[in-house]
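S.K.: when you get a sec, could you give me coordinates for this:
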Amino acid sequence: MKFLRNPSTREIFSFPADGSEDAFIPGGLEVMTPEDISVHCNPVYQPTRVEVDAERDKRIDGGSASMVRTSNPGQSTANASSKLLNWL
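M.R.: Residues are numbered from 1 along each chain as shown. Got it, this is the predicted structure:
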């Protein structure tokens, strides 16, 4: 297969490599390189801002929930200390 891209719309077209359908290829398309095809077929996932914010909040909530509060500020239980060390 040969892959071509419309530079203005970024739409991808594929045609047989044997040239049997070359007459149907519209003008103005660019031939894609093997690197272009690889990037197109295996895009890098980019999370949205909402997803990033939700993940950050989840991690913050999870971290603060693992800390055990004591009646004496400045002191922690052995369990809380070990959780903190494991987290670090």
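S.K.: isn't E30 up against F3?
M.R.: No: counting by CB atoms under 8 Å, E30 stays clear of F3, with 9.7 Å between them. For every residue, glycine as well, the C-beta is placed using N, CA and C.
S.K.: who's more crowded, those two?
M.R.: F3 (19 against 11; other CB atoms under 10 Å).
S.K.: list the contacts for that one?
M.R.: 12-14, 31-32, 36-37, 40 (CB atoms under 8 Å, 6 or more residues apart in numbering).
S.K.: same list (the residues you listed) but as TSV, adding pLDDT, secondary structure and distance to W87.
M.R.: TSV is the format used below for the contacts of F3 (pLDDT from 0 to 100; DSSP: H, G, I helix; E, B strand; the rest coil; distance: CB to CB, whole Å):
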residue	pLDDT	secondary structure	distance to W87
I12	93	strand	45
F13	92	strand	51
S14	90	strand	49
V31	92	strand	51
M32	94	coil	46
D36	91	helix	43
I37	91	helix	43
H40	87	helix	40
